[in-house]
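J.: Fold the following, please.
(one chain, ligands or ions: 1)
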Amino acid sequence: MAGELPSDLELVHLAEEARADAYTPYSHFAVGAALLCTDGSVYPGCNIENAAYTPSNCAERTAFFQAVREGKRDFSAIAIVGGPEGESVSGRCAPCGVCRQVMMEFCDPVRFRIVLGLGGDKLEVHTLEELLPLGFGPHDLGHEAPGERGCRP
Ligand code: THU
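T.: As a prediction, this is how the structure comes out:
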């Protein structure tokens, strides 16, 4: 979906579509995400659980890892929706701490926007800096953030 940039609400709707693929036999809590790259492409993600529990993957990381696997490094926003499996979204699903840290690896915390779908057409927007204050990232180890390395095709 490269080209025209989706609105925040369109991104939330794409996250809702991705949520339909969630594999959640244990928590029965289905999450969907839609990660917007600066080139306009969008990567969907859903949570994928596991009988051993710890290998479970959140929707946000599913989206990030697929995007990075395809060579993407520059991200502008992610929409997230979640709630009990089989029910429509009716409240906030904020990203877990591990997913916030993965965002910190690839995104400028001041500019990267986290769009939380609240149900219907309601949403709220935060920056990564708001959700992960004083985050530890590549710069703390003397590295440029991936988007600054010019390693995109
Ligand atoms: N989960 C996500 O996928 N993203 C979030 O932002 C919060 C939690 C998943 C993990 C697990 O599969 C289920 O929701 C319940 O924690």
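J.: use CA for all of it now, contacts and neighbours both
T.: OK.
J.: Mind listing what's buried along stretch 39-52?
T.: G40, S41, V42, Y43, P44, G45, C46, N47, I48, E49 (16 or more other Cα atoms under 10 Å).
J.: Which residue, other than its chain neighbours, is closest to the third one?
T.: It stands for V42. L36 (4.6 Å; Cα to Cα, 6 or more residues apart in numbering).
J.: in a strand, that's where the one you found is, yeah?
T.: Yes: assessed with DSSP: H, G, I helix; E, B strand; the rest coil, L36 lies in a strand.
J.: partners of it in the sheet?
T.: V42, A77 (DSSP bridges).
J.: still on that earlier bit, out of the buried residues of stretch 39-52, who's near the ligand?
T.: N47, E49 (Cα under 6 Å from any ligand atom).
J.: Pick the one among the buried residues of stretch 39-52 closest to the ligand.
T.: N47 (4.3 Å; Cα to the nearest ligand atom).
J.: Looks like that closest one contacts H28 (just checking).
T.: No: checked against Cα atoms under 8 Å, the pair N47 and H28 is beyond contact range at 10.5 Å.
J.: and the residue sitting nearest the centre point of the chain, what are its phi and psi?
T.: Nearest to the mean C-alpha position of the chain, counting by Cα atoms, centre = their mean, stands E60 at 3.6 Å. E60 adopts backbone torsions of phi -60, psi -40, taken as degrees, to the nearest 10.
J.: So which residues on the chain come close to the ligand?
T.: Checking the chain against the ligand by Cα under 6 Å from any ligand atom, the hits are S27, F29, V31, N47, E49, C58, A59, C93, A94, P95, C96.
J.: State the pair within those residues that is farthest apart.
T.: Greatest spacing in those, by Cα to Cα: E49 and A94 (17.9 Å).
J.: Many thanks, I have nothing further to ask.
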